[in-house]
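Chemist: Sequence first, then the predicted structure, then my questions.
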Protein chains: 2
Amino acid sequence: MRYVQLADTIRDRIVSGTSGALPSEAELGTEFGVSRVTVRRALELLRDEGLVTARRGVGWFVASDPVRQSLGRVTTVEAALEAAGATAGRRVLEFAFETAPTDVAKTLGLPVDGEVLRVTRLNLADDEPFALVTVWVSARLGAHLSRADVEHSTFYDLLPLHGVEPGRVVQTITAEAAEGKTAHHLGVPAGSPLLACRRVTYDRHGDAVIVAEHRYAAHLTALEVEFPFTQTPGARHG
Amino acid sequence: MRYVQLADTIRDRIVSGTSGALPSEAELGTEFGVSRVTVRRALELLRDEGLVTARRGVGWFVASDPVRQSLGRVTTVEAALEAAGATAGRRVLEFAFETAPTDVAKTLGLPVDGEVLRVTRLNLADDEPFALVTVWVSARLGAHLSRADVEHSTFYDLLPLHGVEPGRVVQTITAEAAEGKTAHHLGVPAGSPLLACRRVTYDRHGDAVIVAEHRYAAHLTALEVEFPFTQTPGARHG
DNA sequence: CGCACGACTTGTATGGTACCTGTCTTTTTC
DNA sequence: GAAAAAGACAGGTACCATACAAGTCGTGCG
């Protein structure tokens, strides 16, 4: 689907800072070597997402500061815990350099047999386990981290010390059944539903630096996302 | 049996990371030096295993990659499905006026025995069940909606016609085990993990107008949240 | 100033092309 | 005789090219 890919590249262009008016449909068409119809379908897709708006006779515009607008108020489980006054604790279960899983290598931009530091950690709230977290960073970065470091500080506190400036975070949320070992650590029956969040952190240059997987027991946790409604008239699917 | 061997090699290729669209039947035929019929028999074998799906006139796709729904940008399930290249459908299962569940009555600002319109709907992606959605609106608003309305349009398209302007949306995400009836509708085993989203839509005046519960089979769906890195308590835990 | 005109834009519709899957029949091969 | 190959056709989808309607804006003329 050509227009989906085109929408992806335009979306990237928008989230990485472009604002104001977009080039006209005809210009985008010649730039990407596609017809105007295809450009329109891509733009309509982005309009359904609330990322852009169109004014007839004028042009297409990036919706006013869409990133901040739509993503400003994401509350994580950890934030809620702190707000509730719980004391957060960490217990490092594993700390190992090993070859990266293929998907992790891919997102971190490493070769298929690239080496990473994997830290598996149990997050505690008032000494009760509530999240099982696995973090991967490239071995090059991990070389500067000690086990004590990751036990007492967050990765977000540590990385700036080594010249890495976090830029943006993409969090993918899904659900899964608790596998035996995970269930044991979280203190829930095996097979019970978990909230699984994969969080990829990028630095200022757009390169992925941290891949993390958080697993929460479902009965304890809920993520809350708030965003303003963006009017999307004329959605193509009725 | 030539096509069984071919199915094996294609399966290997898929499980080792290939995703998205497969080459066309003709291309696979020339690549492996077999006829199109043989390629088809192999692919049909993999389809029976649930590994791939075919869309007429388009091509074959690996079935495993979930639909990623971007929170904060996509406002409807339909938009996310279209972005993934699937065709969206709806089937209304229940359409009833009844007394509101207490939590719904509370969020909608109704008295404890207030009346609401409840619509339970199955969302389809390429004619496969994808999401089970229950929507509650106050009886006062629901009085203007017909069953055909909610079958053919989204609530977000319908409400502006009756003077309601959506303002903001708060979405709460959690996981749960599929209860029997829900599992049946979604075509998954009972007890399998679901992604459960409760979405409360407020109008311009800050009054809650829609309460909706979306349930997705976990293996089909992932929610995606992107936010710029800020040194807030919520983003500190990594 | 007022106004028409033209150059641009988005919105909409249509015909045509290339390619895809789905299904069938016939021929070849082992 | 069964499996595979080869071919043909139907039904669909995505994309392109084109045309035209409708809206906006700047320019220049009277």
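Modeler: Yes, it's here. Numbering: from 1, shown residues only, chains lettered A, B, ... in the order given.
Chemist: count of neighbours near the closest residue to residue A:113 other than its chain neighbours?
Modeler: In this structure, residue A:113 finds its nearest non-sequential neighbour in residue A:99, 5.3 Å apart by CB to CB, 6 or more residues apart in numbering or on different chains. Yep, even glycine has a C-beta here, placed from its N, CA and C like the rest. Neighbours of residue A:99 under the rule other CB atoms under 10 Å in any protein chain shown: 16.
Chemist: Please read off the pLDDT at residue A:99 from the model.
Modeler: Here the pLDDT value assigned to residue A:99 is 96.
Chemist: Then residue A:177?
Modeler: Listed pLDDT for residue A:177 reads 94.
Chemist: what about it, distance to residue B:176?
Modeler: In this view, residue A:177 and residue B:176 are 11 Å apart by CB to CB, to the nearest Å.
Chemist: joint contacts of the two?
Modeler: Here residue A:177 and residue B:176 have A:193, B:193 as joint contacts, going by CB atoms under 8 Å, 6 or more residues apart in numbering or on different chains.
Chemist: so what are the domain limits for chain A?
Modeler: Here the domain parsing of chain A from automatic domain parsing is A:2-68, A:73-224.
Chemist: List the residues that contact the spatially most central residue of chain A.
Modeler: In chain A, the residue lying closest to the centroid (CA atoms, centre = their mean) is residue A:170, at 1.4 Å. If a contact means CB under 8 Å, 6+ apart, then residue A:170 has A:199-200, A:202, B:224-226 as its contacts.
Chemist: Pairing partners for the helix or strand where it lies, with directions?
Modeler: In this structure, residue A:170 sits in strand A:166-177 according to DSSP states H and E. With DSSP bridges as the test, strand A:166-177 is paired with strand A:193-203 (antiparallel), strand B:221-228 (antiparallel).
Chemist: closest one to DNA strand D among these?
Modeler: Ranking those by distance to DNA strand D, with CB to the nearest atom of the strand as the measure, places strand B:221-228 first at 20.3 Å.
Chemist: can you pull the buried residues of that closest one?
Modeler: Counting neighbours by 16 or more other CB atoms under 10 Å in any protein chain shown, one finds that the buried residues in strand B:221-228 are B:221-227.
Chemist: Likewise for stretch A:97-112?
Modeler: Here stretch A:97-112 shows A:99-100, A:104-108, A:110 as buried, counting by 16+ other CB under 10 Å.
Chemist: Over to stretch A:18-37?
Modeler: A:22, A:25, A:28-29, A:32, A:34.
Chemist: Name the helix or strand of chain A that has the lowest mean pLDDT.
Modeler: helix A:66-71 (a mean of 44; mean pLDDT, DSSP states H and E).
Chemist: quick one on the thing from earlier: with respect to DNA strand C, which of the domains of chain A lies nearest?
Modeler: Comparing these by CB to the nearest atom of the strand, domain A:2-68 comes nearest, at 3.3 Å.
Chemist: Now render the buried residues of strand B:221-228 as a markdown table, adding distance to residue A:44 and pLDDT.
Modeler: Output for the buried residues of strand B:221-228, formatted as a markdown table (distance: CB to CB, whole Å; pLDDT from 0 to 100):
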| residue | distance to residue A:44 | pLDDT |
| --- | --- | --- |
| B:221 | 23 | 86 |
| B:222 | 23 | 87 |
| B:223 | 23 | 86 |
| B:224 | 20 | 81 |
| B:225 | 23 | 78 |
| B:226 | 21 | 72 |
| B:227 | 25 | 70 |
